[in-house]
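Chemist: here are the coordinates; sequence isn't available:
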DNA sequence: ACTTGCAATGCAAACGTTGTCATTCATGGT
DNA sequence: ACCATGAATGACAACGTTTGCATTGCAAGT
């Protein structure tokens, strides 16, 4: 029968800085110091190496809970993304995430990423509670929130930033308890419409996103404002609302192609819609920009890679992410200070390329 | 002058279950129990209400660190992605990441994501050592590793999975200390080339990726193998190597356009290359698939959205991610057991769409 | 009246890490 | 020889919750 002394048990000394310390005959303090880069210099080189090696061999990693308890925060923020498999196809998430990653790294924070597996029954607040136990801040970038959920969020204690795209169109941003970051959709849309006006277009169509999306809603408002002020409000047949996809763009353009008098230019709420529209028109023998002009929205990678290169509105997503990260970290580290609900709008700049042309101009 | 006794200080009893308890003259245990739904029934109703009310009024929320320390944490795995701003534009990362997220969530693991801020001086092994401290398992998906780095990794004890795309072409996978996951590039490339052969093409060009990339290398091998066996090895002018981008495709196609006898079909190592090629040809008046056929590789979102819809090879990235997550978790939880170095190839299936056509066929 | 059982609560020991302070020992300057 | 300096380390007390166990009443069963 094997001896029953604890030391001989098969368990590989599970977890713990103290076990590591014991194995090496040093104190836990020393191990703790050796393990963290910022204090590692305090430990003699040889000993440090021994500690690191043993830690690796034992597959040790310090308990984040304990660390967090001790230090107050643990430098980790969580980005909540939608469940949808396809989110990454939209460059929005990719670019935002990439920006987050860099901004966080610059501040020495880690980035968690997770989806929200909404548990039936549990209300949204509860789900959020459960979510971020091990992080000090949350950036919400996921499914659009129903109004009720947004209201439950008021008084949520941890550092939480919402992306404005995730809010339903109806809600006033000021009413929300958390900071909200977003791109200046209205301003961007205004620039797009203004450009078309300046180029002499008077019949301008709108290929919009789904009315449930706040982004779509705001962009529409921006387009319409400029067109109406310019006295060229679009006929109702010139306004099409569909999904934010090439299919949406195709459907919209096909609808326009059936009309007797068509727009000479289109504001598309999205690059993908723009590509779909251009392509559907091409199938009907119409070329952009020879026969019509198009302005997109996003400035994704294909805006430059496609032909014609797309005139579009640049979403400053990395700046947006930078801002979100800054706010969330501030909220997580500013001790007592309540986080001010505030709105940050990042400007959206027009990028002029080859899909727009003054009306009636020969190449 | 105000009294200086601690009880009368202005501080609003910052944080803490004990302060709440003190205010109500009950023990911390009771407060703790009252605060959590699952134990709330242990506390007398009236008292519970009092506690909850005070907690609300004091804007109390339990210290997540302490709670975490008590309850234990779920383990995390870390995905290492390249520093490059643009990685998310390549759908590879997005889809892989999305798959990782789902696979990890299904097993109740959390996902970290980080880049490798290579600190000057520190060698790769050391960097990994530090990285490994904060996580239970690592999936390496970042910059291609130089041979030296790969060798340093031998004997690394933590759970680490490498994506085959991150290895330099020259290295034999069996020689590596860690499990490697990857897509069956060779098989996929074979299918692509075989399809073109079957459609009757005999002059087949290759628009490849950069020779430093293992993916490019393997795909090239797959194409060539089939073509050579079919007796239609491409002339050297028909083989072009460039970046994995539309620009690469454009450059390649433009080179082909200058030749007297051009290929009638092209294997492109990448969807983007394929799009670039199609577009460059169109600029010269050649239409796909009327005048030439193209097969891509990846099956990204634009493969279906563009016109012609692209015949391409589907990379089973979510399955790949699933596999990687499975392996990394296994490696992290199997106690003493060393992780077997092994290679997992996920099959890559051909998806036939509209960019390929039998040679000489009228529409 | 004496168990017995139950409900409500308090006590105190973890949980694993880190920062402060004190201790030890070697070094170099006077 | 003595003190000052500094590097390397150890001892120890937090950090705020949770939970097993002990305690106290109180009601019901014998």
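Modeler: Now that the structure is in, tell me what you want to look at. Note that this is a predicted model, so its numbers are computed, not measured. Numbering: from 1, shown residues only, chains lettered A, B, ... in the order given.

Chemist: Tell me the spacing between the closest residue to DNA strand D within the stretch 151-300 of chain A and chain B.
Modeler: Nearest to DNA strand D in the stretch 151-300 of chain A, going by CB to the nearest atom of the strand, is residue A:157, at a distance of 11.0 Å. Any C-beta I mention is one placed from the backbone N, CA and C, and that applies to glycine too. Distance, residue A:157 to chain B, using CB to the nearest CB, to the nearest Å: 4 Å.

Chemist: If you rank every helix and strand of chain A by mean pLDDT, what lands last?
Modeler: Lowest by mean pLDDT, DSSP states H and E among the helices and strands of chain A is helix A:124-131, with a mean of 71.

Chemist: Which elements pack onto the next helix or strand after that helix?
Modeler: Downstream of helix A:124-131, the first helix or strand assigned by DSSP states H and E is strand A:137-140. For strand A:137-140, the packing partners by 3 or more CB pairs under 8 Å, 6 or more residues apart in numbering or on different chains; DSSP states H and E come out as strand A:76-81, strand A:159-163, helix A:317-333.

Chemist: possible to save those as JSON lines with distance to chain B?
Modeler: What follows is these, written out as JSON lines (distance: least, CB to the nearest CB, whole Å):
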{"stretch": "strand A:76-81", "distance to chain B": "8"}
{"stretch": "strand A:159-163", "distance to chain B": "11"}
{"stretch": "helix A:317-333", "distance to chain B": "7"}
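
Chemist: I'd guessed residue A:142 sits against residue A:114; true?
Modeler: No - Residue A:142 lies out of contact with residue A:114 (CB atoms under 8 Å); the separation is 9.3 Å.

Chemist: Need the residues touching each of the two.
Modeler: By CB atoms under 8 Å, 6 or more residues apart in numbering or on different chains, residue A:142 and residue A:114 have these common neighbours: A:80-81.

Chemist: higher neighbour count, those two?
Modeler: With neighbours defined as other CB atoms under 10 Å in any protein chain shown, residue A:142 and residue A:114 compare such that residue A:142 has more, 22 against 19.

Chemist: Kindly provide the distance from the more buried one to chain B.
Modeler: Counting by CB to the nearest CB, the gap from residue A:142 to chain B is 12 Å.

Chemist: contacting residues around that residue?
Modeler: Contacts of residue A:142 (CB under 8 Å, 6+ apart): A:80-83, A:115-116, A:166.

Chemist: Generate a PyMOL selection restricted to the buried subset of these.
Modeler: This is how PyMOL selects the buried members of the contacts of residue A:142, with burial counted by 16 or more other CB atoms under 10 Å in any protein chain shown:
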select buried, chain A and resi 80+81+82+115+116+166
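
Chemist: Leaving out the residues flanking it, which one is nearest to residue A:360?
Modeler: residue A:200 (7.1 Å; CB to CB, 6 or more residues apart in numbering or on different chains).

Chemist: Assumed the one you found was part of a strand.
Modeler: No - per DSSP: H, G, I helix; E, B strand; the rest coil, residue A:200 lies outside any strand segment and is coil.

Chemist: Do I have it right that residue A:40 meets residue A:32?
Modeler: No - using CB under 8 Å, residue A:40 makes no contact with residue A:32, being 10.4 Å away.

Chemist: Compare these two (neighbour count), which wins?
Modeler: residue A:32 (19 against 15).

Chemist: My guess is the more buried one contacts residue A:17. True?
Modeler: Yes - between residue A:32 and residue A:17 a contact is recorded at 5.7 Å, counting by CB under 8 Å.

Chemist: shaky segments in chain A?
Modeler: A:1-14, A:85-89, A:118-123, A:126, A:129-130, A:132-133, A:155, A:335-342, A:361-363 (pLDDT under 70).

Chemist: ok, which residues in it are in contact with DNA strand D?
Modeler: A:25-30, A:33, A:41-44, A:47, A:66, A:69-70 (CB under 7 Å from any atom of the strand).

Chemist: between the residues you listed, which is closest to residue A:207?
Modeler: residue A:69 (53.2 Å; CB to CB).

Chemist: doesn't residue B:73 make contact with that closest one?
Modeler: No - Residue A:69 is beyond contact range of residue B:73, at 11.7 Å (criterion: CB under 8 Å).

Chemist: how about the helices and strands packed on strand A:137-140 in a markdown table, adding distance to residue A:175?
Modeler: Shown next, in a markdown table, are these (distance: least, CB to CB, whole Å):
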| stretch | distance to residue A:175 |
| --- | --- |
| strand A:76-81 | 21 |
| strand A:159-163 | 12 |
| helix A:317-333 | 18 |
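
Chemist: To residue B:360, which of these lies closest?
Modeler: Across the helices and strands packed on strand A:137-140, closest to residue B:360 is helix A:317-333 (CB to CB), at 47.2 Å.

Chemist: Which strands border the helix or strand just after that closest one, and is each parallel or antiparallel?
Modeler: Once the chain leaves helix A:317-333, the next helix or strand it forms, by DSSP H and E, is strand A:343-346. Paired neighbours of strand A:343-346 in the sheet (DSSP bridges): strand A:180-183 (parallel).
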